[in-house]
Structure formats: structure tokens, C-alpha cells
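Visitor: Below: sequence and its predicted model.
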Amino acid sequence: MLSYLLLALLVLTIAAYYAGLAKARSFAAATGPHKSHHSLAGYHGAFVAAWAGIPSFLLVVLWLLFQGPVVDQLLIASLPVERIQNLDAGQLNLLVSEIKSVAKGNIFGEPDEVVLAAAERYNSWNAIASWAMVASVLSLTVVALFVARSMLAPRFRARNHVESITTILMITCSLIAILTTVGIVTSLLYETMRFFSMVSPLEFFFGLNWEPQIAMRDDQVTAGGAFGAIPVYIGTLLIALIAMMVATPIGLYSAIYLTEYASDRLRAVVKPLLEILAGIPTVVYGFFAVLTVAPAMREFGELLGFSIAPNSALAAGGVMGIMLIPFISSLSDDALNAVPQSLRDGSYGLGATKGETITRVLLPAALPGIMGGILLAVSRAIGETMIVVMAAGIIAALTLNPFEPVTTVTVQIVTLLIGDTEFDNPKTLAAFALGLVLFIATLVLNVIALTIVRRYREQYD
Amino acid sequence: MQQLRIGASEMLSTVKPSLAESVAETKITARGISVFYGEKQALFDVDVDIPKNSVMAFIGPSGCGKSTFLRCINRMNDTIPIARVEGTISIDGRDINDPELDVVELRARVGMVFQKPNPFPKSIYENVAYGPRIHGLANSKSELDGIVENSLRRAGLMKEVQDRMNEPGTGLSGGQQQRLCIARAIATSPDVILMDEPCSALDPIATARVEELIDELRETLTIIIVTHSMQQAARVSQRTAFFHLGKLVEESETNTIFTNPADPRTQDYITGRFG
Amino acid sequence: MTEIAAESMRATHDWSSQAARRRVKRRYAADRRLQFYGIAAIGTAMALLAILFTSLIHAGIAAFTTTKVELAIFLDPTQIDREKPAEANYRKLVRGAFKAYFPDVTGRSQERELYKILSNGADYIVRDYVVANTDKIGQTVKLLVPVSDPFDQLYKRIIPRQIDALSNDRIILFEALKQQGVLSVVDGSGVAKTTVYIDPSKVPLEGGLEAADYDAMVKEGLRSLFLNEYSRSYEEIISDAAAGNLKALVASDPSLVGKTIDVELPLAANYDNLLLAGQATMRNPRFSSDDEFAWFDSLEERGLIANPFTWELFFNADSRFPELAGLMGALSGSFLALLVCFLLSFPIGIATAVYLEEFAPKNRITDIIEVNINNLAAVPSVVFGLLGLALFLNTFGMPRSAPLVGGMVLALMTLPTIIVATRAALKAVPPSIREAALGVGASKQQVTMHHVLPLAMPGILTGTIIGLAQALGETAPLLLIGMNAFIPSVENIGLTQPAMALPTQIFSWADSPERGFVSRTSAAILVLLGFLILMNLIAVYLRSKLERKW
Ligand SMILES: Nc1ncnc2c1ncn2[C@@H]1O[C@H](COP(=O)(O)OP(=O)(O)OP(=O)(O)O)[C@@H](O)[C@H]1O
Ligand SMILES: [Mg+2]
């Protein structure tokens, strides 16, 4: 039905365009050569089409967004009081989803009278709502079409009107970026607040014991849950540290070699290859860690006589480091290239070797840029999800031993939310609290890094 | 034409009497220098002798190969992968391409000052100490301090920076930066200094200071300076070489070049016909 | 100039001294060292890239073929109703046809083992064939049906028939025990003789002998065998049954408590095998008898086994059985999600970029938008997943696991990439073009729409393709909105139907325990990488061919 409605809307919009066009042409025919009227006929058409199409489309979107929640509220309000007065939020949700699935025709077991009746009501309300949407959208379209068309006149400034509409559309689009941020912040904050109403922030920020799964048990939805996230943070930092210890030297030395020593031919080969490394999806790295790196490390450890867990921090961090190599190398590359040639000349002119020039002049000069790049990479590392979900642990152990499994913020977010999620237990909400911490941490790192990098660029511009 | 001639001779009144011209001992000898940038030839078979303890100026229109030739003298062209140099240059009778002579040593002994002041983003002290440090010229901290101070003093910068030795060299004014670069070049105790348009980024007062400095340094050093300002060439140099389209057209005493050039192209250039 | 200064400077460095020469040498060595580190770093990165690709190709190549067995099936008209061909008992047909190859296999348990060679999907393949070819009913047809995963892996030499039961150091330990005379054979099974102290302190007051920790007593006893060389891992030598035996012994004679008794602890299966058969290998536990190997070999000898290229990898839906699992669901889900992502992010991204670059006044609000876009680009992808979950699913009640929602989340993530690319492309259009168009009286929007945007289009498209390629590989946000649903059929494909995406399919296969999913996962990754390479090549082509150099 929706697709038909959208199709009808499209057809009406096109029709509106031609209605406007035809009317404008009739002026032209009446008044002769186009000098006498303000805008080209096409703008008149576009004006009518915009008025016919845009408001109706917005109405459809809004309707779709709010039909579901409104009908749900109606449904809950219509349930007999004695049936729902003893239910807590979770059970009520369960009842509502049962009604919905019955309404869809998926009947499991023998639903009771109330449910069947409610399902029927639900279906009929949805049908009414859908037809109401069709009726109101189409009538809005037609009315807007005629009103807009009646506004056309030879001196009508259709182009200016169309251009203002376009400008408004463009501004609206620009606001989406802001709305996304606002959406992220509010949804994270809102769910985090709810989480903190169940679990003390003190525990979350300073507790040493993270066992969110315990709270899954029916009899203790909130009781004594272990939500001390310190081990999770430590694990995140440990893996990020390992990743940086792999990526920084390899990335930095690659960049040094590529910018200062390598021939153009070698550069032309190596740079795209490094870019490939950057383009590989992280889920692939995660599988690589599980398939190749972790077993190899285990065997290597056995050879040396100590045991490395299959999901050790070392394997996850090491592979994450591989992922970050191109990141570090390209940012260091930029930083080194931004150092003006005159400094190189100055150093060579004093008889410095290439190596001395690099270590004593170029690296210190490029240091801010490189530091910025490293900070950006750290932010990537702590926000990286798939590699750790696949290759790191789930159990939050408070350890700094790289051969042991540790867990990370992102791993916890994913494991807490995978599968069905109810928004009223601390297990789910904890994921949002972790998400907020992650968001803030990466944001701060990025702002610092970008500021450093920008300052650095300005220095040599 | 007549007027221009007068202009040129007026300029000459500022030329200082060159010292010990008669006993000029040759410091640098260049024979048959040709330079290629990839396919393109930038210098054609240049021969020149540069006398010791004097200032030689290179003049000529833009792109004629002055910098290219200058960069041959301390083998800076080695840092450009596509550049190829033919011919021989010797300093004090020693071929600079002699495999026994290391380019590191050569550049320590043939200092260079660039068009745009290019202090390293380090402290003033570190800028000057850089050369002595990498070459291991000082055995102790106090010796290094001595070299730095001495170089800054010779570059006439000591008074201005005395109490800001640890501030970044990039914080100085343009003229001070250029003198810092000169101090940096002096610090490795070179006997030749190459200057590629050292004053083109400076205001007249800073330029005058640098020119004074050049004149002082001449007592102990051989200086080659590329300049676009004929007044400057006349003011600071004893000999002048005129380059045109990659060829060395004429080289002789500065007085002669400006008053009585042998080649009509030189004549045209100094009278402002082109360039 | 001062004489003194000149004098002091004359005390020049002696470049030809031994020390100076050594120093120059050292400096060049340092230079070469740095160069070496650079080469080593690049070499490492390249080697890692090579290892990554070879291990994926090595593991994945096998999944592009499926081991199949040829069955000659008589499509019995008495069993298949021409009107309802889908409802016949195809399992019986298939098994009958397969059994016909092995006339000497008798007995239910043997037959059950025999049928393990066939894939569970064989029935459906025959059913689908018959439904599509009802005219063949009554004839005998030769059909290739897949074998089950272990045999597929066996045929491809991915898993062996025999596996090493014990590592070398375990065998050394075993030999040492044997020499000490600790091991012996009693009643046809291996035992280790040792003494065990029935420790009263391990018998709890509550529960008595029943609840005593016999396991700990056995381990104490073992410890006495090895003395100071004891390692926890040696415990594996004793069968798990040992503690139970001890319990039974003590239960029958409670007076043993507090005494040290001689016991014979049964050996674990692999040590038992080593002691009795002298073999350190055992049958791969994926197979239940050696007969299975014999049957499979005989099929192979008769030329009935084939290993053709498997289009099913692309056209099958997901399945719990690796030999049947295909990527159709994932490919369609990814396609739909990318379509939504493109339809949203492309126009919105261009509109935003055009506004910011060409029209927006430079004020605080546009500054904020700019900063915002830069920061959005760096927000971890999992946070976008949280946004999708909280806002789209929970607040707006959109369907879970739907490509529509997935596409919307991906669109938000792709927007910054497209905006940045578009702005760069717009910046690259020289102002002279704008001035020329403005000069003939075009409005600013006309200039942008008619001149600037078309000229910037190649750059915009390049950026968009790169953004979509990133979106195609994005996994975490899709996991959070449930686009990792297990969907074993490809009938219900739609924007609001539950779906999979290519990367989430990779994730869920990677998580599956069956051996065959290792190569399936690698193959899916190769397919994903193939698409990414294709998209990037298109982007590179666009950049090189269409982008104008100003
Ligand atoms: N690194 C280089 N690569 C290629 N060609 C070069 C390079 N450096 C200089 N050239 C070319 O060599 C020729 C001489 O250049 P050079 O810099 O020596 O001129 P110049 O006399 O110093 O000019 P100016 O007075 O403008 O500094 C020019 O045509 C220039 O284009
Ligand atoms: Mg020059």
C-alpha cells in the first residue's frame, strides 16, 4: 500500500509540474515573446510540483513515524484495566508483542479472549490509520497543486520561489548532520540516565567487577548486578596499547622510508597496497585474527613454553595494529610532506646525512602532525568493534597480561545488545552507558587530534 | 641609453675598493660544468675561477642557472634525483667529487645560505649548534657553547639574541632569521659560503646588515652570492659573473662588468633591457 | 671583524684524522640503519597483507566447489503425485537410491551411518528438481547431490582421517611412565598404578562420603607419581571415570577413609590407545566409524564423486549445514541496504555540501555544522548502531533486522564521506567558471546547478562510491539493529523483511562451529573483497578518466 501511495504521489507531482508548465506557456502564448514575464515556464512547473510533492511527502514520513507508537498507546489504553494493572513494563511489552504477533496471524498456543479481541482492534485501527493516511495525503497533494497553480501569473517570480524552496531544502539537509549528533547524544544520554537510575554511577565508573549477564536472571532484575566497568576500560586500553605498539613503528618507519628514501616506482607500488590494507572491512580482520593470527600465536607460545589464550589481547590488539598501519603511515606521510623543502635543504646544506636530517629536523618538525595522527589512531582503536568482538574475550578480567583474554567497551556493547533487546533492564541500558563513554572518549581524542593537526598545518602554510 | 649609462656609473661609486686583487689566489676552479635536470640541460659548459677571500656575485635573468651552478659547488644537486652534473669543480685544488672526500665533509666546509630564511623549528641555540653537533666538532658542552656564541657574534646577532638563546629560531624577525642561518652556516667553520639570494626576502635595513656582514666575513671566507639586485652585486662583490640561458657569458672584476662589459648581452642586462 | 674570533675559527676540524673518518662512517651507518628500519617496516606491512590474502584464499578457495555424489534415482510415479510433486517422501527416494550402491550394508545402525555421507539438503535438491521437471516422473535420472560437510572436507583434504592424539612431549611423558612400570594393561584396558590417600578432610560433614572430593584425591595421587615435575596438564592422562571408580570403591568399604590405598586408575582414551595399540593417532572424531571411509572410498573408485564449481554459494539461502549455505540472502540484504543508503546519503550529502560550499554565509551555525560533520566522520560505527537501535527501532518502532533501517544507519555514516568528497570536488571547480556564468546573468543557483555541479560530478561520484564501499563492509551497526537474522529462505526479500548483510553473514558464519563454515566464511570474505575491489576500481577509473585537471 505504501509503495502505491508513494507512486501516486510521484505521479501527482509530475502532473503538477506539467500543470504549472502548461499554464505558464499559456501566458507566454497570450503575451507574446518571453520578455514580458519573469521566469521561465519550467520554473512555474517546478514551483507547482514542489508544493504538490514536498508537504505531502513530509506528511507521509511523519505519519509513518508516529502511527506505530500512537496505535500502540491506543492499544494499551484499550486493554481491560484488570488485565494490565498488575503487569510491570516488561510484561506489558510482552503482552503487546503477543497481540501484535497474533494480529499478524502468527498464533502460538491458545491466546486468550482479551488478546484476540485486542489483535482484532489493532488490525482494524491500523487499517483505518492507513486509509486515513492515503486520504489525507492525496487530498493535501491535490489542494496544494491547485492553490499553487492558481498563484501563477505572468509576473509571478516563480524562479525566486523555487530557489527559496531549494535553499530551504538544502538547509534542511545540512541540519541532518546536526540532527544525527543530537540524536546520538540524546539517545545515549537518555538511556544512560535510565541506567544510572538502576545502577549507581559510582559503581559503573569505579567498580572492579563486570558481570552484566547476572542481571538477566528473572528474580534479580536489578539486584546486586555487577556493573563495575573498570576491567572493561582496562581491557580496551590494553588492546589499544598493543595495537598502537604494532602500528606506530611500522606505520611511522614506512612513512619515513616512503617520503624520504623510496624511489617513485616503489612509492607507486607500496602506497596503493597500504591503501588496500586500509580498505579491508574490519570483520575481515576479525576473521583473520581467529583463522590465522591467534592459532599462530598459540603455537609460537607453546614453542616457547608458555600458554597464550586463543582469544588473547595480543592477537586482537596485534591484528588491530595491522588495521591501523595504513592510517598511521598516511597521516605521518602527510605530516612529513608538510615540512617545507627549505628545512631539508638547510640541513643538507650543513652536511647532515639523510638520516640525521630525518631524525633531527624532519621528525621534530613533523611531530605535532604525527602526534595528531597517533591520537586519531588511538581513537580508532578504542572505537573499533568487529576485530575485538571476534578475536577478544567476553569475560571482563582485570589483567594487564597480553596473553590472557580481556574484553573491551565495544565487545560489551555488542554482546549486551545482540539478540532481542528489552529497554527496561540494566543489561541493555549498560550498553548505552558504555556507548556514551566511548562516544565522549573518541570525541575528545578527535577534537584534540584535529586541533593539533590543524595548528600544525597552519604553521607551514 | 645615455641616461642609463650614467645610472650605472653612479652605482659604481658605492663599490668598495677590492682588496689584494693582484695577489688573488684561486679557491674554487670549475671546468666544463654542465647540469641536466632529466632531459633538460640547465647549464652549458661553465668554466670559472673564484679567488680566495673575496666575494663573487652571480647575476643573470631568472632561470638562467645561477642557483643550479651554486648548488654544484656543495653538491646539493645530489639531493635532486633527476639532476646530473658533468665537469669538475675543485676547491683548494681538490676535486669535490673525489671519492675520498665525503659530501658530508664538503658541505660542512662549504656552507650555504638560502633565499628564504629557513631556521629549524628549534631554539636559536640548537639551530646554531646543529652543524657542530652532527659533525662532532665540539668535545664538550663548553666548547659547543663557545662555537655557538662565536658564530652568533660573527653573524652580528649575538647582542640581539643573548638572552633568548632557548627561544625558537622561528620567532625572530626575517632579517634576524637570515643572520641566524648565516651563523648556523659559519658554525661548522667553512671556508666557503654560498648564498642564494640571501636578501630577497628582507627589507632594506635588514639587507644592509647582511651586506655588512658579508663584507666582514670576506676577510676569512670565500663567498659566492647570487643576487638579482645589481646594486647589491656592485656593493658587496669584487668579481661578478653574468649567466644567461645556462651559459656563463662573462666573468670579471665587478667594476669592469658594470662599466665596460665585454658582451652585449651583459650590457643589455645591466642596463635593464631584459631580465 | 675581530681578529680573535677569526683566530679561534681557524682552529679547524681535522677532517682527515682517524677519529673524524670513523665518525663519518658511523653517521652513514646510522643512516643506513634508518633506511633498513624503513624497509623492514614496509616489508612487514606487505608481508602481513600477503599473509592475510593467502590465508583467506587458501581457506576460501575450497568453498567455491562442493563435493557431490551422483545418484541414479528412479522417480517412482507411485510415490510422486504428479499433481503435488512437492509432497512426496524424497528422503526415502534419495536414501533408496544411495543404498542401492551398497547392497551389502544391512541393519539399521549401519544404514544410519551410511546416510551420514549424504547432505541433509539432498532431499530438497531432488524435490526442487522434480517440481521443475515433472515430465521426468517415471524415469530414472542422474542427479548430483552434495555430501555432508565432513566428507566434503575430507575429499578436499582439509581434514584428515586420522589425527594426532598426543603431542610429542606427551608421548615422552608416556614413555617415562611406562619405563617406571606405572602403566599396565588390566582386563584389556590401560591403567596407571599409584597410591591414593583417602583424605578425611576432603569428606565434608554434610553429605558424607557421597559428597567427598574424589577428584582432588585422585589428583593428589597423580602428583605423587610425578613428584616435583608435576604439571596440571598431566592430569589429562587419567580418564574422567577415575574419580567415580574411587567413589564406588570407598562407598563399598567406608573403612578406607584415612588410609592410603593402592589403586589402578583407568587411562584416558588416547593414552589407552597408545598403550594398547602403540598408536599415537586416532580416527578423526568427526567420523563415527572406519566403515564410512570404506564406503566413501568405494564411491570415489566408482567415479561417483565429483567436485564441481558451486553456484549454490551465491544462489542458496543461509543454512545451518555448511555444504548448503549460500550468500543469496546476504547479497540481497546488502544490496537493499546499500540502495537505501545511496538514495538517502547521495542527495542529502550533495545538498549539504553544495549549501555549505556555495551558499552558506560564514557564520557560527555553519561553523558548527562543519565541526559536526568532521566529528561525525570519526564517531565509532558501533555508536551509530546504538543510535539506530534507540531511535529507529525503539522510538519510531521500525522493524528489526530490516534493510531499510540498516540502510538508514549506513546513510548517516556515509554522509560525512560524501559531503567531504563533494566539497573537495566543488572547490576544485575554478572560480572563473562561476564568474563566467554569473556574467551572463545566471542566478547563483543556476550557476551551481548548470555549471559547477556537473563539472564536480565525477569527483562526487568517486567519493560516493568510496563511501558506499565503506558502508558495504560495515558490520557493527548492522549487528546492533539485528541484521544478522538467520534466514534460511530467500522468498521474503523486501525493505522491511528481516535480512542479513554480507558482513554480518561473515560474522555469523565465522561464529559457527562446523568445520565447513571456515571455508564458507573465507569464501564470503573473498566475495565481499571482490565487490570492494570492483567498486574501488570504478572509483579509480572515474577519477582518472573523467575528472578534469584544471
Ligand atoms: N629541481 C629541478 N628540477 C627540474 N628543473 C629544474 C630544477 N631546478 C631548476 N630547474 C631548471 O633549471 C633551470 C635553471 O634554474 P635555476 O634555479 O638554476 O635558475 P636561477 O638562475 O637560479 O633562477 P632564479 O633567479 O629565478 O632563482 C631553470 O630552467 C629551471 O626550470
Ligand atoms: Mg635561483
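Guide: Structure received. Ligands and ions are numbered 1, 2, ... in the order given.

Visitor: State the three-state secondary structure for B:Lys139.
Guide: If you look again at residue B:139, you'll see it is Asn, not Lys. Following DSSP: H, G, I helix; E, B strand; the rest coil, the label given to B:Asn139 is coil.

Visitor: and it, what pLDDT?
Guide: For B:Asn139, the model assigns a pLDDT of 86.

Visitor: and it, how many neighbours does it have?
Guide: 8 (other CB atoms under 10 Å in any protein chain shown). For glycine as for every other residue, the C-beta is placed from the backbone atoms N, C-alpha and C.

Visitor: What of A:Ile128?
Guide: A:Ile128 has 11 nearby residues by other CB under 10 Å.

Visitor: cool, A:Leu376 as well?
Guide: Neighbour tally, A:Leu376, other CB under 10 Å: 23.

Visitor: Could you do A:Phe403 as well?
Guide: By other CB under 10 Å, neighbour count at A:Phe403 equals 16.

Visitor: what packs against the strand or helix carrying C:Leu343?
Guide: For C:Leu343, the host element (DSSP states H and E) is helix C:328-354. Using 3 or more CB pairs under 8 Å, 6 or more residues apart in numbering or on different chains; DSSP states H and E, the elements in contact with helix C:328-354 are helix A:158-198, helix C:312-315, helix C:403-428, helix C:453-473, helix C:502-510.

Visitor: Swap in 6 Å and give it another go.
Guide: On a contact count with 3 or more CB pairs under 6 Å, 6 or more residues apart in numbering or on different chains; DSSP states H and E, helix C:328-354 meets helix A:158-198, helix C:403-428, helix C:453-473, helix C:502-510.

Visitor: Find the residue closest to C:Ile493 in space, skipping its chain neighbours.
Guide: C:Ser332 (4.9 Å; CB to CB, 6 or more residues apart in numbering or on different chains).

Visitor: Where does pLDDT dip in chain B?
Guide: B:1-24, B:274-275 (pLDDT under 70).

Visitor: ok but A:Glu404 is inside a strand, no?
Guide: No - counting by three-state DSSP, A:Glu404 is not part of a strand but coil.

Visitor: For it, give me the pLDDT.
Guide: pLDDT, A:Glu404: 89.

Visitor: mind checking how far the residue nearest to C:Ile493 is from C:Asn492?
Guide: To C:Asn492, C:Ser332 is 10 Å away according to CB to CB, to the nearest Å.

Visitor: what does chain B put close to chain C?
Guide: B:102, B:104-105, B:136-137, B:150, B:154, B:189, B:216, B:219-220 (CB under 6 Å from any CB of the partner chain).

Visitor: Tell me how many other residues crowd residue 84.
Guide: Picking chain A for this. For A:Ile84, using other CB under 10 Å, the count is 15.

Visitor: that's the wrong chain, I meant chain C
Guide: 9.

Visitor: Next: A:Leu367.
Guide: Counted by other CB under 10 Å, the residues lying close to A:Leu367 total 14.

Visitor: Quick check: it vs C:Ala377, distance?
Guide: 24 Å.

Visitor: show me where the stretch 251-400 of chain C has helices.
Guide: In the stretch 251-400 of chain C, helices defined by DSSP state H, counting those that start in this stretch lie at C:269-277, C:290-301, C:312-315, C:328-354, C:364-376, C:381-387, listed in chain order.

Visitor: residues in contact with stretch C:199-212?
Guide: Contacts of stretch C:199-212 with the rest of the structure, by CB atoms under 6 Å, 6 or more residues apart in numbering or on different chains, involve C:213, C:216-217, C:250, C:257-258.

Visitor: what do you get if the cut-off is 10 Å, keeping everything else the same?
Guide: With CB atoms under 10 Å, 6 or more residues apart in numbering or on different chains as the test, stretch C:199-212 has contacts from C:198, C:213-217, C:220, C:243, C:246-247, C:250-251, C:254, C:256-260.

Visitor: hey, what's in contact with both of C:Ser332 and C:Asn492?
Guide: C:Ala499.

Visitor: would you list every one of the strands in the chain?
Guide: All of this is about chain A. Here chain A has its strands, by DSSP state E, at A:210-211, A:226-227.

Visitor: wrong one, I was asking about chain C
Guide: Going by DSSP E, chain C shows strands at C:68-74, C:140-146, C:162-164, C:183-186, C:189-197, C:260-266, C:281-283, C:305-306.

Visitor: circling back to that earlier point, between the helix holding C:Leu343 and helix C:364-376, how big is the angle?
Guide: Using axes from the mean of the first three to the mean of the last three CA atoms, to 10 degrees, the direction of helix C:328-354 lies 150 degrees away from that of helix C:364-376.

Visitor: what pLDDT, on average, does helix C:328-354 get?
Guide: Here helix C:328-354 scores 95 as its mean pLDDT.

Visitor: Then stretch C:492-504?
Guide: 89.

Visitor: That one: how far from the chain's middle?
Guide: 19 Å (CA atoms, centre = their mean, to the nearest Å).

Visitor: and that stretch, which residues are buried?
Guide: For stretch C:492-504, burial by neighbour count (16 or more other CB atoms under 10 Å in any protein chain shown) applies to C:493, C:495-504.

Visitor: quick one: low-confidence parts of the chain?
Guide: I'll assume chain A. A:31-38, A:90, A:108, A:213-225, A:419-421, A:461.

Visitor: looking at chain C here, not the other one
Guide: Ranges of chain C meeting pLDDT under 70: C:1-12, C:165-169, C:205, C:207, C:226-234, C:280, C:546-550.

Visitor: Which parts of it belong to which domain?
Guide: Using automatic domain parsing, the domain parsing of chain C gives C:3-62, C:68-159, C:168-283, C:328-546.

Visitor: hang on, the earlier thing: show me what contacts the residue nearest to C:Ile493?
Guide: Applying CB under 10 Å, 6+ apart to C:Ser332 gives the contacts C:317, C:403, C:487, C:490, C:493-494, C:497, C:499-502.

Visitor: and the residue of the stretch 101-250 of chain A nearest ligand 1?
Guide: Closest residue of the stretch 101-250 of chain A to ligand 1, CB to the nearest ligand atom: A:Ile250 (31.6 Å).

Visitor: ok, how many other residues are close to that residue?
Guide: 25.

Visitor: now swap in C:Pro308 and tell me
Guide: 11.

Visitor: The residue nearest to C:Tyr129 when sequence neighbours are not counted: what's it in contact with?
Guide: Once flanking residues are discounted, C:Tyr129 sits nearest to C:Leu143: 6.1 Å by CB to CB, 6+ apart. Shown in contact with C:Leu143 (CB under 10 Å, 6+ apart): C:68-73, C:75, C:94, C:97, C:122, C:125-126, C:129-130.

Visitor: returning to what we had before: which one of the residues of chain B next to chain C is nearest to chain A?
Guide: B:Val104 (4.7 Å; CB to the nearest CB).

Visitor: Of the domains of chain C, flag the one that's most buried.
Guide: Most buried of the domains of chain C, by mean neighbour count (mean count of other CB atoms under 10 Å in any protein chain shown): domain C:328-546, with a mean of 21.

Visitor: Can you give me the neighbour number for the residue of the stretch 301-450 of chain A found nearest ligand 1?
Guide: Of all residues in the stretch 301-450 of chain A, A:Gln341 sits closest to ligand 1, at 9.8 Å by CB to the nearest ligand atom. Close neighbours of A:Gln341, defined as other CB under 10 Å, add up to 10.

Visitor: ditto for B:Met158
Guide: If we define neighbours as other CB under 10 Å, then B:Met158 has 16 of them.

Visitor: Which residue, neighbours along the chain excluded, lies closest to it?
Guide: Nearest non-adjacent residue to B:Met158 (CB to CB, 6+ apart): B:Leu152, at 4.3 Å.
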